Structures are given as structure tokens and as C-alpha cells.
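Trainee: predicted coordinates and the sequence they were generated for:
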Amino acid sequence: MPKPRCSQVSLASTPYYHCVSRCVRRAFLCGEDTATARSFEHRRQWIEDKLYVLSDIFSIELCAYAVMSNHYHVVLFVDQPRAVEWSVDEVIRRWHQLFSGNLLSQRYLRGDSLSRTERAALDDCVILWRERLIDISWFMRVLNEGIARQANAEDECTGRFWEGRFKSQALLDEAALMACLAYVDLNPVRAGMAKTPESSRHTSIKKRIAQAQNTHAANHPHQQAKGLFPFVGNPRNGMPSGLAFKLTDYLELVDWSGRIVRAGKRGSIDNQCPSILERLNIEPDHWGYLINNFESRFKSLVGSGFKLKQACQALNYQRTPGIRSCEYYFS
């Protein structure tokens with residue numbers, strides 16, 4: 001049986017998670033429906049727009065995404081320390097952007113006076129709402145429910161739009177994170193929907209490349225695509241919050257990986273591997289497999305064998321799922 005989501009998420013082990021949500025029966029409810037000749041391509045834009053809106057409300061950053069015809073991928077970074085610093089007013093303001101709150105929170109924002117008992121009850125609500133604003137399950141719930149309502153209203157029908165449960169994978173170390181980012185960004189290329197990453201519609205890589213082409217400092221965090229978790233360079237003291245790699249290194253890695261996918265033959269690629277692979281200690285032969293099979297090969301926790309055992313211990317798992325694959329590809 002699938003494990004409950006709370007037993008798969010451990011922010012003490014990693015703040016990075018790969019989530020996948022699929023349409024019911026994997027029908028093309030966000031693309032071209034060949035049976036009816038109707039196009040639902042505009043719904044892909046709905047999802048992309050909603051991702052940016054929600055990442056601005058939640059304390060959850062967008063690292064990568066790819067909106068396909070019948071499913072979407074997203075890599076999220078949960079910024080728990082930032083949410084801890086929010087004031088009561090900030091938590092209520094953000095929650096009210098998603099829901100109406102309750103009578104106490106509405107009165108508080110109007111400036112009405114609250115009794116000691118009412119204020120204590122409101123404080124309990126704020127604690128709960130703060131926790132939900134760093135919860136990937138709530139992030140995915142709000143995203144999927146909103147899109148489902150829009151689609152059902154357009155189709156004049158009721159019922160499920162998404163499969164009942166989204167898939168989640170915890171990315172335990174840098175190697176797992178980079179492999180997953182490239183896997184997500186190359187989804188349209190691998191599916192034959194685009195020839196290059198920069199022509200992949202409704203993806204984070206297209207946004208990053210478009211912004212990089214319009215700036216003279218592509219690796220500067222403040223010059224990168226708005227709304228996406230920035231690449232802040234190699235690890236160092238005093239490093240700002242972001243992905244610990246240079247953006248140009250990552251774009252080189254994605255391009256190199258994409259040529260492997262399209263050509264189908266490793267012999268047509270220069271034998272000299274991008275330096276980022278050497279830093280992550282990933283074998284080049286393994287990399288080609290990872291960017292094609294990341295989602296299907298690994299379970300809910302992905303990383304080196306050592307990191308996997310640590311996470312399983314923190315989550316009180318009796319077994320270590322996927323240990324052989326993780327040891328083989330990441331150790």
C-alpha cells in the first residue's frame with residue numbers, strides 16, 4: 001500500500017521534492033484530443049501561471065517544472081526558515097489569498113479588538129496555517145483543485161480531473177537533485193514535443209534560457225528568471241539561498257544531456273564530460289540512464305545510499321526502499 005504523505009516528507013532530511021500529477025486515465029485533458037479534435041493546450045498555461053502564483057504565497061520555491069499534455073512535473077524547495085520568521089499578520093495575509101480564513105482572522109485584519117480567549121484561538125489557527133504554507137501536500141492540493149474546477153466548468157461536467165494521489169520523491173543530495181532537474185526540464189524533448197530545451201513550451205528551462213539571453217550576467221541570481229529558485233553559484237561561505245551551481249553550468253549540462261536523448265548514441269557526443277558531473281561524482285554512463293528513467297527507477301526517496309539510510313531512520317522506516325538502485329547510481 002502507498003505510504004501516507006507525512007511519512008514520506010522529512011524536512012530534516014531534505015527540503016527538495018519532485019512531484020508528479022497525472023490526469024485521470026492519463027487522458028489528454030491538457031493537450032490535443034485526437035478523438036474529438038478539440039485542443040486543451042490553453043490549460044497548460046493555466047497550470048504554469050498557477051505554479052507561479054502559489055509559489056509566491058507559500059514558502060515553497062519553484063526549482064523546475066514541465067507541463068505536459070496529460071501530466072506535469074514540478075521540483076519544489078521548501079523554505080521552512082523563511083516561514084518561521086513570518087509575523088502573525090503575514091501568515092494571515094497569505095492564508096487569506098488562498099481561503100477566506102475565519103471570523104477571527106477577518107476581524108483581526110479589520111483591526112477589531114479580540115478578547116484573550118479569541119486571540120489564543122486565532123494564534124492556534126496561525127500555527128496551523130503556517131505549517132500548511134510549507135506543506136507540499138497543501139501546495140499540490142490548492143493547485144490541482146483550482147485547475148480541476150476551471151477545467152470542469154469549461155467542459156460543463158463534474159468528476160475527477162486528476163488522479164487521486166500525486167507522486168512525490170524526496171531528493172536527498174545534490175546528485176539526485178541535479179539528475180531530477182534535468183529529467184524534468186528535458187521531458188518535452190524526450191516526448192518529441194520539442195527539439196531543444198529553449199523551444200520547450202511551459203517549462204522552467206525555457207524561462208531560464210530566455211532570461212539568460214537578455215542579460216550580460218546570466219549567473220547573477222538577481223538577473224535570472226523571476227519566480228524561479230535561482231542558481232547562486234558554487235558552494236561558499238555566505239552563499240545566498242538558491243541552487244548551489246552556476247546557471248551556465250546547468251544549461252550546459254541540460255544541453256549535453258538533451259543531445260544524448262535525441263541522438264540515441266553516446267558516440268556522437270564529445271568524450272569530455274561537463275565539469276558538473278565530475279563535481280557530483282556521477283558516472284557519465286549512469287547519467288544517460290538517470291535522465292531517461294528518473295521517475296520510474298526510484299521510489300519516494302532518492303539519493304546516495306548513506307543519505308537514503310539517514311532519511312529512512314528519520315522517518316522510522318523499518319525497510320530501506322530502493323537502496324540497491326540508489327547505491328548503484330549515486331554512490
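Mentor: It's in. Numbers count the residues shown, from 1 in each chain.
Trainee: got the domain ranges for this protein?
Mentor: Domains of the chain are assigned by automatic domain parsing as 82-132, 173-331.
Trainee: minimum distance to Asp56: which of those has it?
Mentor: Nearest to Asp56 among those is domain 173-331 (7.2 Å), distances taken as Cβ to Cβ. For the C-beta atoms, the positions are set from N, CA and C on the backbone; glycine is no exception.
Trainee: could you check the pLDDT of Ile147?
Mentor: Confidence at Ile147, expressed as pLDDT, is 91.
Trainee: what does Thr320 give?
Mentor: On the pLDDT scale, Thr320 is placed at 86.
Trainee: do the one 10 residues further on as well
Mentor: Phe330 is assigned a predicted lDDT (pLDDT) of 77.
Trainee: ok, now which ones touch the closest residue to it other than its chain neighbours?
Mentor: Spatially, and ignoring its direct neighbours in sequence, Phe330 is nearest to Ser304 (4.4 Å; Cβ to Cβ, 6 or more residues apart in numbering). Residues counted as contacts of Ser304 (Cβ atoms under 8 Å, 6 or more residues apart in numbering) are 172-173, 175-176, 326-327, 330-331.
Trainee: can you do 10 Å?
Mentor: Contacts for Ser304 were tallied using Cβ atoms under 10 Å, 6 or more residues apart in numbering; they are 172-176, 281, 310, 326-327, 329-331.
Trainee: same check on Ala212?
Mentor: By Cβ under 10 Å, 6+ apart, the residues touching Ala212 are 198, 218-219, 223-225, 247-248, 251.
Trainee: just the buried ones from the residues you listed, in PyMOL syntax?
Mentor: With 16 or more other Cβ atoms under 10 Å as the criterion, this PyMOL line picks the buried residues out of these:
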select buried, resi 198+218+219+224+225+247+251
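Trainee: the contacts of Ala212 in helices, which ones?
Mentor: 247-248, 251 (DSSP state H).
Trainee: to Glu154, which of the domains of the chain lies closest?
Mentor: Closest to Glu154 of the domains of the chain, according to Cβ to Cβ: domain 173-331, at 18.0 Å.
Trainee: so which residue is dead centre in the chain?
Mentor: Val75 (1.8 Å; Cα atoms, centre = their mean).
Trainee: any idea which element that residue lies in?
Mentor: Element membership of Val75, judged by DSSP states H and E, is strand 71-78.
Trainee: that strand packs against which elements?
Mentor: Contacts defined by 3 or more Cβ pairs under 10 Å, 6 or more residues apart in numbering; DSSP states H and E place strand 71-78 against strand 16-22, helix 42-57, strand 60-67, helix 136-155, strand 167-171, helix 174-185, helix 187-190, helix 204-212.
Trainee: 6 Å - rerun?
Mentor: strand 16-22, strand 60-67, helix 174-185 (3 or more Cβ pairs under 6 Å, 6 or more residues apart in numbering; DSSP states H and E).
Trainee: what strands flank that strand, and is each parallel or antiparallel?
Mentor: Using DSSP bridges, strand 71-78 pairs in its sheet with strand 16-22 (antiparallel), strand 60-67 (antiparallel).
Trainee: pull the residues that contact it.
Mentor: Strand 71-78 is contacted from outside by 11, 15-22, 47, 60-61, 63-66, 134, 136, 180-181, 184, 229, using Cβ atoms under 6 Å, 6 or more residues apart in numbering.
Trainee: confidence score at the spatially closest residue to Leu181 that is not a sequence neighbour?
Mentor: Excluding its sequence neighbours, the residue lying closest to Leu181 (Cβ to Cβ, 6+ apart) is Ala64, at 4.8 Å. pLDDT recorded at Ala64 is 97.
Trainee: and Ala64, how many neighbours?
Mentor: Residues within reach of Ala64, counting by other Cβ atoms under 10 Å, total 27.
Trainee: isn't it right next to Lys206, touching?
Mentor: No - assessed by Cβ atoms under 6 Å, Ala64 is found out of contact with Lys206, at 11.1 Å.
Trainee: Glu131 is in what secondary structure piece?
Mentor: Using DSSP H and E, Glu131 falls within helix 116-132.
Trainee: helices or strands next to that helix in the packing?
Mentor: Partner elements for helix 116-132 (3+ Cβ pairs under 6 Å, 6+ apart): helix 88-96.
Trainee: helix or strand right after the helix it packs on?
Mentor: Helix 88-96 is succeeded, C-terminally, by helix 103-110 (DSSP H and E).
Trainee: tell me the angle that following helix makes with helix 116-132.
Mentor: If you take axes from the mean of the first three to the mean of the last three Cα atoms, to 10 degrees, helix 103-110 sits at 90 degrees to helix 116-132.
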